[in-house]
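Asks: Here's my sequence, what's the structure:
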Amino acid sequence: MGQGLHNVTEGHDHGPAELCEAGLALYGRALREERVPVEDSAHSPCLLRLGLLRPDDHDPRWLRPLAPALALPRLLQESARDIARRRLEEARLTEAFEPLLALDSHSASVADVPGIGLLTGFDRINEAIGLAMDEAHEELLTIQPGGRRSAVRLRDVGLPREQRMLARGCRIRTLYQDTTRHDLEVVAHFERLVGDVQVRTLSEVTKRLLIVDRAVAFVPAGEDRTHALEIRHPGLVSFLATVFDRFWNLATPMYPEAVRIPPTDGITPRQRAIAHLLVDGHTDTVIAQRLGLNIRTARTHIARLAATLGSESRAQLGYRIAESGILKQEDTDQ
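Replies: Now for the predicted structure:
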């Protein structure tokens, strides 16, 4: 009998929220008559599967109904279990797709933006920059943050590209951080170039930026330099070029004629930059990163600044900086 009841449920599988009209009618009749013949359930096997009709313990030819007060809580529990099961399936799908979405996140973020393309991989980025430089007829503007650039890369990659541009009558303007002023490899690189080349430095600059003919710009799209954005949107390129121009006007010449940055009241320009960051509450590590210094050098400059201002503690140093007026004086100088 049990096997027979199981067989009639096949092909009629639905949840309690989808209880069929025929099943509801038969269940109502069973409640009124207190029982129905087994053969009457042939077209409503869902009642057996959901436990709304059960075999009569005394006569297997009949089915008796489960009281609605007991049936409803059971059906609600089954519905809740079904929802929980579906949510678990959703969570597993989300977890499975998470690494796949991460792989596609860069391209998805820029795929529909006109004038912006994603470059993936160092070779592809280098190739795109090289093509843009080879097509240039006016100028190359670059910002190079951080520490030393590879001498081998400057010689083997940068020099040929830049010299070809200069030979066509283009000009090159490059911004470095102040920490590069004494980098002999960088200076030697620019001394090898023949043409209109100028280099200036600032205490802080933006992330790496390259603009060709004010028509195309390249900026990083990640911290590991394996993704970059190639920007040809006129408005965005114009904005980036304006940013470069404003930095350039504030910067100190380094090449072809280096201008010495004089100290003011015993405070060097680098110490003034550190003072700005200290007042903003940055840690030694952040200061070093922002200024392209290693942590030991940054702490040495902080110690010298404290000694010059007569500060005996980190807390007192902020007060001494404000009291000295060196930051206001810097604004006046500019």
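Asks: which element is residue 222 on?
Replies: Under DSSP states H and E, no helix or strand contains residue 222.
Asks: List the buried residues in stretch 75-94.
Replies: Applying a neighbour-count criterion of 16 or more other C-beta atoms under 10 Å, one finds residue 75 buried in stretch 75-94. No exception for glycine: its C-beta is placed from N, CA and C like everyone else's.
Asks: What would that stretch look like as CSV? C-alpha coordinates only.
Replies: Extracted in CSV, the C-alpha atoms of stretch 75-94 (Å, rounded to 0.1, in the frame of the first residue of the first chain):
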residue,chain,number,x,y,z
LEU,A,75,3.1,23.4,5.8
LEU,A,76,4.5,26.7,7.0
GLN,A,77,7.5,24.9,8.4
GLU,A,78,8.1,23.1,5.1
SER,A,79,7.8,26.4,3.2
ALA,A,80,10.3,28.0,5.6
ARG,A,81,12.7,25.0,5.0
ASP,A,82,12.3,25.4,1.3
ILE,A,83,13.1,29.1,1.5
ALA,A,84,16.2,28.4,3.6
ARG,A,85,17.3,25.8,1.2
ARG,A,86,17.0,28.2,-1.7
ARG,A,87,18.9,30.9,0.2
LEU,A,88,21.7,28.4,0.9
GLU,A,89,21.8,27.6,-2.8
GLU,A,90,22.0,31.3,-3.6
ALA,A,91,24.9,31.7,-1.1
ARG,A,92,26.8,28.8,-2.6
LEU,A,93,26.3,30.2,-6.2
THR,A,94,27.5,33.7,-5.0
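Asks: ok now it, how far from the chain's centre?
Replies: Mean-position distance between stretch 75-94 and its chain equals 32 Å (C-alpha atoms, centre = their mean, to the nearest Å).
Asks: Going by residue numbers, what spans are strands in the stretch 1-150 of the chain?
Replies: Assigned by DSSP state E, counting those that start in this stretch, the stretch 1-150 of the chain shows strands spanning 36-37, 53-55, 62-65, 116-120, 139-144.
Asks: can I get the CA coordinates of the last one in CSV?
Replies: Once side chains and other backbone atoms are set aside, the C-alpha atoms of strand 139-144 remain, and they are given as CSV (Å, rounded to 0.1, in the frame of the first residue of the first chain):
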residue,chain,number,x,y,z
GLU,A,139,54.3,67.0,-26.3
LEU,A,140,54.6,64.3,-23.7
LEU,A,141,53.6,65.2,-20.1
THR,A,142,54.4,62.7,-17.3
ILE,A,143,54.2,62.5,-13.6
GLN,A,144,56.5,59.9,-11.9
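Asks: Okay, and the closest residue to residue 214 other than its chain neighbours sits in which element?
Replies: The shortest distance from residue 214 to any non-neighbouring residue, by C-beta to C-beta, 6 or more residues apart in numbering, is to residue 241 (4.8 Å). Secondary structure from DSSP H and E places residue 241 in helix 234-250.
Asks: which regions of the chain lie under the pLDDT threshold?
Replies: Applying pLDDT under 70 to the chain flags residues 1-18, 99-113, 146-158, 259-266, 327-334.
Asks: can you pull the buried residues of stretch 226-234?
Replies: Quick answer for stretch 226-234 (16+ other C-beta under 10 Å): 227-231.
Asks: hang on, residue 71 packs against residue 51?
Replies: Yes: under the criterion of C-beta atoms under 8 Å, residue 71 makes contact with residue 51 at 7.4 Å.
Asks: Can you pick out the residue with more neighbours from the two?
Replies: Taking other C-beta atoms under 10 Å, residue 71 and residue 51 do not tie; residue 71 has more neighbours (18 against 14).
Asks: Not counting its neighbours along the chain, what's nearest the more buried one?
Replies: Closest residue to residue 71 apart from its sequence neighbours, by C-beta to C-beta, 6+ apart: residue 52 at 5.6 Å.
Asks: What segments of the stretch 201-334 of the chain are strands?
Replies: Secondary structure of the stretch 201-334 of the chain by DSSP E, counting those that start in this stretch: the strands cover 209-212, 216-220, 227-231, 252-255.
Asks: Quick check, central residue of this structure?
Replies: For the chain, residue 222 is the residue whose C-alpha lies nearest the centre (C-alpha atoms, centre = their mean; 7.0 Å).
Asks: Report the spatially closest residue to residue 51, excluding sequence-adjacent ones.
Replies: residue 66 (6.0 Å).
Asks: ok, that neighbour - contacts?
Replies: Taking C-beta atoms under 8 Å, 6 or more residues apart in numbering as the criterion, residue 66 is in contact with 51-54, 74.
Asks: Next, give phi and psi for it.
Replies: phi -80, psi 140 (degrees, to the nearest 10).
Asks: any idea how far it lies from residue 92?
Replies: 34 Å (C-beta to C-beta, to the nearest Å).
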